[in-house]
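K.L.:
following is a predicted model, sequence given first.
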Amino acid sequence: MKIILGDIGEYMPVISDLMRENWEETGYDFKFSPSYETYVSLQAKGLMFAFFAIHDGRVVGYCTALVSRELHNLEIVTCTSDALFVSKAYRNTTAGGRLILAVEQEAVKRGAMRMRWTAKTGSTLHWTLERRGYDASDITLIKEF
């Protein structure tokens, strides 16, 4: 298995089924309709990057992330994971951990001082991140209108 930093525009069509599977597993209750143009535009501006886990020529996982300055203090640069997903058949492999590590390393290269992940409370990702030294910081509350 290899983990590569890839072009979002090139890989987005390849991972569309994985993205949909991710949404069905962890997404919200609204229609899944990603803006591929926005992903490509953010990458072109240097604000987004993506890593892909590839096994036997097939993408089995991915992670997309944004690097930006905090609006409350422009000296602080944060990398925020947009999505992290590994196909169910590869969850007991090193794919997830290697994607996390690759994103962390790339974030540092891009000047990030901190990393932010979103995980469902009590999920495998939640516990994995805590084992990697992450602390819960905020809670997200949602209200429908």
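P.N.:
It's in. Every value quoted in this text rests on a predicted model; they were computed, and no experiment measured them.
K.L.:
list the buried residues in the longest helix along the chain.
P.N.:
Longest helix in the chain, counting residues (DSSP state H): helix 95-109. Across helix 95-109, burial judged by 16 or more other CB atoms under 10 Å covers Ala95, Gly96, Arg98, Leu99, Ile100, Ala102, Val103, Glu104, Glu106, Ala107. C-betas here are computed from N, CA, C, even on glycine.
K.L.:
what sits against the closest residue in space to the first one that isn't next to it in sequence?
P.N.:
Spatially, and ignoring its direct neighbours in sequence, Ala95 is nearest to Ala53 (4.2 Å; CB to CB, 6 or more residues apart in numbering). Each residue near Ala53 by CB atoms under 8 Å, 6 or more residues apart in numbering is listed here: Met1, Lys2, Ile3, Val59, Val60, Gly61, Tyr62, Val86, Tyr90, Ala95, Arg98, Leu99.
K.L.:
lowest-pLDDT helix or strand in the chain?
P.N.:
helix 16-26 (a mean of 88; mean pLDDT, DSSP states H and E).
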